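**Student:** okay, predicted coordinates and the sequence, questions at the end:
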Amino acid sequence: MTVRPGLPRMAPMNANAGTTRRRLLFVFLLGMSATALPQTQPSGYTVEIVVFRNGGESAALDAGASRTSITGDDVAAASVASRRLGGSVARLNSNGLRVIGTAAWKQEPTAFRSRRGVSAARLGLSGITGKVILERGEKLHLGVDLVIEDGGKRYRLNELRQVKTDEINYFDHPAVGVLAIVTSN
């Protein structure tokens, strides 16, 4: 083999070099496609809520109105110790708002638009009926459909919204409110 001046000498190509290149290309393409794989959803979530009264009297249900029946205690939930909203409870109490109940539990989300939830009775929220809904479609949704009885009056809070994990959400009503946070397990 003659070598031209100024050009580096190349080693002869063998079968192992071609195999090595194909393997490297395969590993590279596999690494690139891993980011395109669908992200797995968490297996479950921890939900924490604080139900409070702000002292207002507006938007109470009529005294003669029939009792609202909110059904659907059909989601398995395991109670856990509240850990994320403790500071919020202290701030609510120090600002003249009265905390009516708190609850924390773990659950799997239900299918989007199923409206299945965990009952206030199962969560140990006395003076409150209804349910809390955690649904997952393309996005995560949290809803409250609660009737809060306080001071001889009843108030209904019924709202469903898209939520992000680890963010405190506020469900608003003129006389009552709910703070909620959802964290992935």
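**Tutor:** Structure's in. What do you need? Residues are numbered from 1 along each chain as shown.

**Student:** which stretches in this structure count as helices?
**Tutor:** 15-34, 86-94 (DSSP state H).

**Student:** and the ones you listed, which one's lowest on average pLDDT?
**Tutor:** Mean pLDDT per stretch puts helix 15-34 lowest among the helices of the chain, at a mean of 59.

**Student:** give the contact list for the residue nearest to R53 when sequence neighbours are not counted.
**Tutor:** Distances taken as Cβ to Cβ, 6 or more residues apart in numbering put R98 closest to R53, at 4.7 Å, once the chain neighbours are dropped. Yep, even glycine has a C-beta here, placed from its N, CA and C like the rest. Shown in contact with R98 (Cβ atoms under 8 Å, 6 or more residues apart in numbering): F52, R53, G55, L92.

**Student:** ramachandran angles for P174?
**Tutor:** Phi and psi for P174, reported as degrees, to the nearest 10, are phi -60, psi -30.

**Student:** which residue sits closest to G127, ignoring its sequence neighbours?
**Tutor:** Per Cβ to Cβ, 6+ apart, closest to G127 is E149, 5.0 Å.

**Student:** so for the closest residue to E57 other than its chain neighbours, what's the pLDDT?
**Tutor:** Counting by Cβ to Cβ, 6+ apart, A175 is the residue found nearest to E57 once chain neighbours are left out, at 6.4 Å. pLDDT for A175: 94.
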